[in-house]
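[1] just to be clear, the model below is a prediction. Sequence and coordinates:
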Amino acid sequence: MKPSIPKGTRDFSPTEVAQRNYIFNTIKATFETYGFQPIETPSFENSSTLMGKYGEEGDRLIFKILNSGDYLKKVDEQLLQEKKSNAVTSKISEKALRYDLTVPFARYVVQHQNEITFPFKRYQIQPVWRADRPQKGRFREFYQCDADVVGSTSLLQEVDFVQLYDAVFSKLNLVGTTIKMNNRKILSGIAEVIGAKEKLIDFTVALDKLDKIGKDGVVTEMLGKGITEEAIEKVSPLFSFTGSNSEKLDALANMLQASEEGTKGVEELRFVCNTIQELGLQSASLEIDVTLARGLNYYTGAIFEVAAPKEVKMGSIGGGGRYDDLTGIFGLKDVSGIGISFGLDRIYLVMEELGLFKTVSLPKPKVLFLNFDSENDSIKLKAIQSLRSKNIKSELYPDVAKSNNQQKKQWKYAINRGIEFVVSKVEDNQFLVKDMTQGTQNTCSLDELINTVQ
RNA sequence: GUGAUUGUAGCUCAGCUGGUUAGAGCGCCGGAUUGUGGUUCCGGAGGUCGCCGGUUCGAAACCGGUCUUUCACCCCA
C-alpha cells in the first residue's frame, strides 16, 4: 500500500513546525497583550449549529460527519429512491467539522453566558476544515487565529483590532501589509441608492474589476446585470475612487446623503480612520475598499480584510468584521460582537516567499555523546542526566559503532543536526569534547564540560 | 461546481518519432581508505513506469476512463 494523505492536507517537518510555532507564539503573545483570553471548542459541532450561517456556498463546503451505526435504516425509502442528496444528508449526518471559529464562539457565548463577564474578549487558535478544492494558499485543513470581543458596540474595538493587526505583522517583520476596511452599512447605503438590494452583490463584483477591465467595462457589466443608468450615475464617484481615505470618505458621504444607514456607515468608518491616523501604524497601511463585501453574511458593520505585501501573490491573510446579531441565532439578543482572524497557513507561505524565517532555529540537542563502545555507558548516562537537569539538551547516540564506517555515521549525524558539542571519548571520568563550530577539542571533567557548554 | 495541468526507485528527474534485461544524481545499507568533520573508491538493496481498460507483433511512451498533483475561475484564511 502506497502511503498518502487526503487532498488539501499536509504533513509538517520539524523545521516547518518550528517556523509555524514562531508565528503561533507571536500571534498568541500579541493577543494576550491586548487583553484576550484563550478558549477552545470541539473540532466538530452539531450540524444545526453550523448550517445556514455561511450562505449557500459555505454550506456546501462544510465537511459532514456520517452518523454511526446503521445510518441508512432511518432514512425514508422514498428519499433514497429520489436520490435527493441534501434531504438524505440531513438524515444520515448530524455532526460536522467546524468551518470557522466565529460561529462556534457565538455558540459558546450563548451556552456559557452565565459564566461570562461582558465585554468578553477571547482568542482561539485551532484548525478549521473546508471541503474546498485546494490550490495555492488554499487547504482543506488550516489554522485560524481568531480574536473577538462580544458585548461592546464601541468603535474603539474596531480601532483596537486595526492596531492588533499592525502589531502582529510588525512583530513578524512582515512589512507592507494592507488592512482593507469597509462597512456593511455603506454597502446597504449603496444598494439603497442604486435602488436594488438584490443587485448589490452583482454591483460590488463588477466594481471590483475596475482596475482589470476599466470604467467602461464595469459600466457595461452593470448594465448587463440590470442596474439602471440613473443608478450608475448616482454612484459614479466610485469609478474614480482613488485618493486618500479622507477623500474617499468625503465622496462617499456626498454620495450617500440620502441614505441614513449609508451615512452612519461613513461616519463609523471616518471615526476609525481618523483615530488610527492619530495613533499611527508601524508597518501596515489602512485603506478603504468599497468592493470589500465578504461572503460571510453575518457581518453588519465594519469589515476587515488583510492583503499580503504586493510582491507576493496570495489571497487575503486575515479577515473579520462586526456582527450585531450572531448570538441572536442561538437565542441571546442584543449582544454585538466584532472579531478578526489571522490565516496562519497563508502567513506562513508569504513569510516563506519573502525569506523571513532565517532567524527561526530548530530545537536540537546541544551536546551529543558518541557511542563507540558500551564500556562507560553509566558514566555517559549520568553525565547526560546532569546536563539535562541544567536544561542543556543532550543525548547519547543510541547504537554502538561496530566499524569505522559506523563511527563516521555518528559524526555525520552530529553535523547534519548542527550539534554544537560532541563528546567522543569518556575515560576515567574525563570527557573528550569537541566544539564543532570552532573545530577545537579538549579533555575535561564533567563540571568543566557543563561550564563550557552552558 | 467549471477549466487546465501532473504522475517513472525514498527524493530530484532522464528515457528521442512506440522496439531487447527501464537509467542517472542524491539518499539508504555493507565494505575499504582517510587518526574524530561533509574526502575518495568498491559493492548492494530498492521500480506492478498512478490504477483499469483499449489500439498494436510489441506500450513507460498512443487512445479512453479513473484516481492523484499543481494552478486559474468561483469563493475564501
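    Received, thanks. Residues are numbered from 1 along each chain as shown, chains lettered A, B, ... in the order given.
[2] low pLDDT regions in chain A?
    For chain A, the stretches with pLDDT under 70 are A:1-2, A:81, A:83, A:211-212, A:294-296.
[3] from A:Glu45, how far out is the most centrally placed residue in it?
    By C-alpha atoms, centre = their mean, the mean C-alpha position of chain A lies nearest to A:Gly343, the distance being 2.1 Å. Using C-beta to C-beta, to the nearest Å, A:Gly343 is found at 21 Å from A:Glu45. Glycine gets a C-beta too; all of them are placed from N, C-alpha and C.
[4] with A:Ser386 instead?
    To A:Glu45, A:Ser386 is 49 Å away according to C-beta to C-beta.
[5] okay, these two: which has more neighbours?
    Shown here are A:Ser386 and A:Glu45; by other C-beta atoms under 10 Å, A:Glu45 has more neighbours (20 against 14).
[6] is that one part of a helix or strand, or is it coil?
    Put simply, A:Glu45 is strand when judged by DSSP: H, G, I helix; E, B strand; the rest coil.
[7] the spatially closest residue to the residue nearest to the centre of chain A that is not a sequence neighbour: how many residues sit nearby?
    Counting by C-beta to C-beta, 6 or more residues apart in numbering, A:Gly343 lies nearest to A:Ile317, which is 5.1 Å off, once chain neighbours are set aside. Residues near A:Ile317, counting by other C-beta under 10 Å, number 27.
[8] correct me, but A:Ile317 touches A:Tyr348?
    No. Between A:Ile317 and A:Tyr348 there is no contact under C-beta atoms under 8 Å: 9.6 Å.
[9] residue contacts, A:Leu368?
    By C-beta atoms under 8 Å, 6 or more residues apart in numbering, the contact list for A:Leu368 reads A:Ser394, A:Glu395, A:Leu396, A:Tyr397, A:Tyr413, A:Ala414, A:Arg417, A:Ile419, A:Phe421, A:Val422, A:Val423.
[10] out of the residues you listed, which are inside strands?
    Among the contacts of A:Leu368, the members found in strands (DSSP state E) are A:Ser394, A:Glu395, A:Leu396, A:Phe421, A:Val422, A:Val423.
[11] go through whichever helix or strand A:Phe169 is part of and flag the buried ones.
    Per DSSP states H and E: A:Phe169 is located in helix A:156-171. When neighbours are counted by 16 or more other C-beta atoms under 10 Å, the buried residues of helix A:156-171 are found to be A:157-171.
[12] wait, A:Ala196 touches A:Ala231, no?
    Yes. With contact defined as C-beta under 8 Å, A:Ala196 counts as touching A:Ala231 (7.1 Å).
[13] these two: who's more crowded?
    Applying other C-beta under 10 Å to A:Ala196 and A:Ala231 shows that A:Ala231 carries more neighbours, namely 20 against 16.
[14] thought the more buried one was touching A:Lys197?
    No. Contact criterion C-beta under 8 Å: A:Ala231 and A:Lys197 do not qualify, at 12.0 Å.
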